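Asker: predicted structure and sequence below. I'll ask about it afterward.
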Amino acid sequence: MLNDHGRPIFGATYRAMNYGPAPLEVYEMLKCEPYWLSKLGLDDYPWMRKGYKVELDTRRNSLDLPDDLAPVEMGVLADALNRSRGMSFDQRTRETHSMDWVEGTLRPDARMAYADMIAKDRPDRAELIEDLEAMGPRLVL
């Protein structure tokens, strides 16, 4: 989404983790961290953890599709999920350990920068980085 459309889907904080980049806020929600429940206005997550996997729990709150994502964003997410499902764990790990991930591992907090995620050969790269930096304080999940 960032390279094709010049903007991220989520204004998340990405960290370079062992098996690839992780949007921290989403990662914490998937781990059922209670902090995010109040931000989401929920009493409980509509999923539950089973080991390292997450399953929807139909006994809990219903999971409404987000209405604040554009159709192009939903399409990008669906395409990425479908592509990821067709890969082995090792293939996914290799694909996500590109230079943006490597740069993140070199920072003390392993934080990845959006600037590192933008293709180096993108003609408007400097302009896009400037726009993202200006938008940064307003990016929200």
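Answerer: Yep, that arrived. Residues are numbered from 1 along each chain as shown.
Asker: beta partners of the residue lying closest to Ala12 once chain neighbours are set aside?
Answerer: Counting by C-beta to C-beta, 6 or more residues apart in numbering, Pro23 is the residue found nearest to Ala12 once chain neighbours are left out, at 3.5 Å. Every residue, glycine included, has its C-beta placed from N, CA and C. In this structure, Pro23 bridges to Tyr14 when assessed by DSSP bridges.
Asker: what is the burial count for Asp57?
Answerer: Using other C-beta atoms under 10 Å, Asp57 has 13 other residues around it.
Asker: for Glu25, see how far away it is.
Answerer: In this view, Asp57 and Glu25 are 21 Å apart by C-beta to C-beta, to the nearest Å.
Asker: tell me which element Pro8 falls in.
Answerer: Of the helices and strands defined by DSSP states H and E, none includes Pro8.
Asker: in this protein, where's the longest helix?
Answerer: helix 71-85 (DSSP state H).
Asker: which strands and helices lie in contact with that one?
Answerer: Contacts defined by 3 or more C-beta pairs under 8 Å, 6 or more residues apart in numbering; DSSP states H and E place helix 71-85 against helix 2-5.
Asker: alright, that wraps it up for me.
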